[in-house]
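# I would like to see how this sequence folds:
(chains A and B)
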Amino acid sequence: MAKKTYLEAIHAAQFEEMQRDKTVFIMGEDVEANMFGTTTGMKEAFGADRVRDTPIAEAGMAGVAAGAAMVGMRPIVDFTISPFLYPAYDQIISIIAKSRYLYGGQARVPLVLRANMIYGNGNAAQHSDRSYPAFMNQPGLKIMVPSSAYEMKGLMKTAIRDDDPVMSFEDAMLWSSSSDIPDEEYLIPFGKANIARPGKDCTVVAIGAMMLHATAAADELAGDGISCEVIDPRTVAPLDTATILESVARTGRLVIVDVANGRCSAASEISAVVSDEGFWDLRAPIIRVTTENTHIPFNAAETALYPSKDKVVAAVRRTLS
Amino acid sequence: MKANLSREDLAEAMRRVFSIRHFEDVAVDLHKNGEVRGALHTSHGQEAEIVGACMALRIDDYMVGNHRSHGHPIGKGAKLRGLMAELLGRSTGVCSGKGGSMHLADFSVGSLGETSIVGSGIPVAAGAALGAKMQGNDRVSLCFFGDGASQEGTFHEGINFAAIWTLPAIFLCENNGYAVTTPISKSANVANIADRAVGYGIPGVVVDGQDLIAVHDAMATAVQRARAGEGPTLIEAKTYRYYDHAANMGRDLNYRTDEEIEMWRQRDPAKLFAQQLVAEYKFTQGEVDGIEEAVVADVEDAVKFAKDSPFPDDASAWTDVYAPVAA
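Okay, here's the model as predicted:
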């Protein structure tokens, strides 16, 4: 057992899979020198053939990775920040998500698209997106939003071995957070939510770093005798609706914490599923705690737009009032 | 490099040219009858560049097409039955009826799929070339795209990737003069798309797309270069499509003249190649006619096979979204 940060967990997962499978390779902007540390030393360890700096050409990166995957490779593409996925949107949607389907199962596109979400520290509207819900709308993609270093390592290893394209949304709020990482190998399956904290009064589903707010809120509410069940979906596609519905059947209340913009968010989808399939279990309206539906300003006014522990506490209290 | 096509190769090339021509004729009729759903983009007039290019490849080389791509898998050696069944949306189609006219693919002959978003296949073809290179085999990857696609950002990004990484790729621009109805002169400020190769530090070659042997020669040189690890080539085949952008789209829009169409029809690639076989390669007219008759029968067989095949059931819409889950 050793403490590792979220960034170190990304590095460790990739490193182990690169050692295990020589079809795995890494490409992206600045992966050789690497600013954030997730691919540091990889080129020295695995050679220039398998660790490739790319031009700043996001559509090209995605398409090249797709083509390599179709002929038997397992690329990991580092897009750095998530808004840089947008220039590659067509390749991700039209090629990566759809090729297996379009060609009747002939194509397989096993690859991982990594993108971090840096927000909350003054990078303004173009650099601060949390855009996983936009990709949830497309079948064919798997999407993970790990909530801790432990989760990251297990999910990333699963992603690299998966035969389908996986998008990894890496929450920069968690970069320096650390977990105890077992020495032995472990994988965390996709589509299996984690009941991080059992409870009986209100279900709180939280995505990525929002687990920090949910857990802190649950601690505070526990002081008032309110018991929250905190669930981390781990992957938003596939989404483990069964675990969420089962929890809501016990608690009768649901708060969803999602750092994406509220409109058409992961929280909206979870809310809709529970309304459709768990309506008669509900004893109060579902509450979504999400980022407000505006752009992110450069100035410090941005802080108030995101979910917070206090907003989660208030939401849980409302469901119980 | 001068083409080194055997008599069998030449006969096979003629067979593929006729196959595309007759396949397309039948496809148009079936579309008119309402038996083919969606849009239908035919490659009448472009047969020589398709077959000339593909005949320079091995069956295990890779190929990526575009929306106007019935001809590409035929050129690469795919059987007609599965292609025709795909056009008719049958479960025996190459893509199980999920792809249709714009998304044919036959991985068994290296046809990695046609993509209907203009230009989107160019980086994918570069990626297949990267895979081949990393796996240490000597396969090459050919991408067919149009003059329209050469204005897309993916053209630049895909070719640049292939150039910087010295990938075994060939980018073949099928310049048929029009992006839907917009002439290339309104879209590009260069005389030849191949002129752009200099910007990537790779060879750029312009070739008469109606001359199968000329296209094959240019391709053979590019393939040799790619297999030798010397990197990609951009080839531009000047060609023409006889019909409008897609069946029932573009008629009477006066974006081109009857005289222009007639001028190109005078240099019909199927007729030119047939004449060349007789004049230069000692084929008899009877042999050429025999090849065409066999193709007509093949196409009829493919149509019968397709029409006798079942439609996919509704549940099939849910398969192939993700990899099958291991039991």
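
# up against chain A, what does the stretch 201-327 of chain B have?
When proximity is defined as C-beta under 8 Å from any C-beta of the partner chain, the stretch 201-327 of chain B approaches chain A at B:319-323. All C-beta atoms are positioned from the backbone trio N, CA, C, and that covers glycine.

# ok, of those, which one's closest to A:Gly105?
Of all these, the one sitting nearest A:Gly105 is B:Asp320; the distance, using C-beta to C-beta, is 4.1 Å.

# can you confirm B:Lys271 is in a helix?
Yes. B:Lys271: assigned to a helix according to DSSP: H, G, I helix; E, B strand; the rest coil.

# low-confidence ranges, chain B, go.
Counting by pLDDT under 70, chain B contains low-confidence residues at B:1-3, B:327.

# on that earlier part again, return the member of the residues of the stretch 201-327 of chain B next to chain A nearest to B:Gly204.
Distance to B:Gly204, by C-beta to C-beta, is smallest for B:Asp320 among those, at 38.4 Å.

# ok, residues contacting stretch A:136-143?
The contact list for stretch A:136-143, computed with C-beta atoms under 8 Å, 6 or more residues apart in numbering or on different chains, reads A:92-93, A:96-98, A:100-101, A:132, A:135, A:159, A:162, A:164-167, A:169, A:190, A:235-239, A:264, A:266, A:269, B:321-322.

# ok, what's across the strand from A:Leu113?
With DSSP bridges applied, A:Leu113 shows beta-bridge pairing to A:Val77, A:Met167.

# and it, what pLDDT?
Model confidence at A:Leu113, expressed as pLDDT, equals 98.

# and the residue lying closest to A:Ala2 once chain neighbours are set aside, what does it touch?
The spatial neighbour of A:Ala2 that comes closest, neighbours along the chain excluded (C-beta to C-beta, 6 or more residues apart in numbering or on different chains), is A:Ile181 at 5.8 Å. Applying C-beta under 8 Å, 6+ apart to A:Ile181 gives the contacts A:1-4, A:9, A:12, A:149-150, A:153.

# next one: A:Ile181 relative to B:Gly131, how far apart?
As defined by C-beta to C-beta, to the nearest Å, A:Ile181 lies at a distance of 32 Å from B:Gly131.

# ditto for A:Glu185
When distances are taken as C-beta to C-beta, A:Glu185 and B:Gly131 turn out to be 27 Å apart.

# next one: B:Ala323
Here B:Ala323 is placed at a distance of 18 Å from B:Gly131 (C-beta to C-beta).

# now A:Arg253
For A:Arg253, the distance to B:Gly131 equals 50 Å [C-beta to C-beta].

# rewinding a little: can you say which of the residues of the stretch 201-327 of chain B next to chain A are buried?
Burial of those was assessed by neighbour count (16 or more other C-beta atoms under 10 Å in any protein chain shown); the buried members are B:320, B:322.

# tell me how many other residues crowd A:Asp183.
Other residues lying near A:Asp183 total 7 when counted by other C-beta atoms under 10 Å in any protein chain shown.

# list phi and psi for it.
Backbone torsions of A:Asp183, given as degrees, to the nearest 10, read phi -70, psi -40.

# which residue comes closest to it once chain neighbours are left out?
Ranked by C-beta to C-beta, 6+ apart and with sequence neighbours excluded, the top spatial neighbour of A:Asp183 is A:Met1, at 6.3 Å.

# the one you found against A:Glu184, yeah?
No. Proximity of A:Met1 to A:Glu184 does not meet the contact threshold set by C-beta atoms under 8 Å, at 9.6 Å.

# which of the two has more neighbours?
A:Met1 (9 against 6).

# for that one, give me the pLDDT.
pLDDT for A:Met1: 89.

# show me the contacts for it.
Applying C-beta under 8 Å, 6+ apart, one finds that A:Met1 lies in contact with A:180-183.

# quick check: longest helix of chain B.
Taking DSSP state H as the assignment, the helix of chain B that covers the most residues is helix B:7-32.
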